[in-house]
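*Asks:* for reference, the sequence and a predicted model appear below.
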Amino acid sequence: MSKKHKKKYPQAQPETLAPSSPPAEGGEVISSRGWKTIVGGIAVLISGFVVLSFTDREGRNWASTLSPFLILGSYGIMAIGIFLPDSGSPPS
């Protein structure tokens, strides 16, 4: 049997993290209007998958044509919701 040589390395001390503070004014926060848009995008995504369940094997009916647009469009709607400012905020 061979001997196992273990090198001892100094243990890294865990860093104490300061409690996180809320973002400063003008920080990266999703607006309430943005959240509503994201929720609408999720609703469109769910409806896209529901429509996808009505497709036929050959992919030649209305559901096969419509569902990809609903699913991909919902991701676009959610992306817009992330960057959408509040309606009352002044433009920067």
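*Replies:* All right, it came through fine.
*Asks:* output the below-cut-off pLDDT ranges for the protein.
*Replies:* Filtered on pLDDT under 70, the chain yields the residue ranges 1-3, 6-7, 9-27, 89-92.
*Asks:* try 50
*Replies:* Along the chain, no part satisfies pLDDT under 50.
*Asks:* show me the helices in this structure, by range?
*Replies:* Along the chain, counting by DSSP state H, helices occupy 32-52, 62-83.
*Asks:* to residue 5, which of those lies closest?
*Replies:* helix 62-83 (52.6 Å; C-beta to C-beta). For the C-beta atoms, the positions are set from N, CA and C on the backbone; glycine is no exception.
*Asks:* rewinding a little: out of the helices of the chain, flag the one nearest residue 4.
*Replies:* Within the helices of the chain, the stretch nearest residue 4 is helix 62-83; the backing value is 51.8 Å (C-beta to C-beta).
*Asks:* what's in contact with that closest one?
*Replies:* With C-beta atoms under 8 Å, 6 or more residues apart in numbering as the test, helix 62-83 has contacts from 30, 34-38, 40-42, 44-45, 47-49, 51-56.
*Asks:* among those, which ones are buried?
*Replies:* Buried members of the contacts of helix 62-83, scored by 16 or more other C-beta atoms under 10 Å, are 34, 37-38, 41, 44-45, 48, 51, 55.
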